[in-house]
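Participant: Got a predicted model here, sequence first, then my questions.
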Amino acid sequence: MNEICAGIAGRLMEKREGQGEEVWRKVFADGRKELGLSAEEGELIENAGSAFFGKSLEENKRRLSLTLERLDFMIETARREQKEKQRVYGTVSILSGLMLVILLI
């Protein structure tokens, strides 16, 4: 992550690559595999750059608010999926243990 942030800072200081939002998108798109992000997560982070490089403070606040709402939704979805998987794994492990006991008897 430090390398990605340093890459953004370096490119912005060089002032050769257009606007900050474009630089943000390019750097995060290039580093998405390195961070191990899914396509949806990568898209969210790439779009987050618009919250930092808008034309006005109000626009930045609005975009950041939208990004945070979307991030909260993704986190909640991941938590629900994790709970469901834990239930399944718990059930499978209990059944596997019972089968082992039955086989040993």
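Facilitator: Here it is on my side, so go on.
Participant: Confidence-wise, which helix or strand of the chain is lowest on average?
Facilitator: When the helices and strands of the chain are scored by mean pLDDT, DSSP states H and E, helix 2-14 comes last with a mean of 79.
Participant: Pull out the buried residues from it.
Facilitator: Within helix 2-14, the residues scored as buried using 16 or more other C-beta atoms under 10 Å are 4, 7-8, 11-12. C-beta coordinates here come from the backbone N, C-alpha and C atoms, glycine included.
Participant: Pick the one among these closest to S38.
Facilitator: I4 (16.7 Å; C-beta to C-beta).
Participant: what sits against that closest one?
Facilitator: 27-28, 31, 34-35 (C-beta atoms under 8 Å, 6 or more residues apart in numbering).
Participant: so can I have a markdown table of the buried residues of helix 2-14 showing distance to R87?
Facilitator: Formatted as a markdown table, the buried residues of helix 2-14 follow (distance: C-beta to C-beta, whole Å):
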| residue | distance to R87 |
| --- | --- |
| I4 | 36 |
| G7 | 41 |
| I8 | 41 |
| R11 | 46 |
| L12 | 46 |
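Participant: can you pull the contacts of the residue nearest to the spatial centre of the chain?
Facilitator: Of all residues in the chain, the one closest to the mean position by C-alpha atoms, centre = their mean is E41, 3.6 Å from it. Applying C-beta under 8 Å, 6+ apart, we find E41 in contact with M74.
Participant: Check what pLDDT it gets.
Facilitator: E41 carries a pLDDT value of 85.
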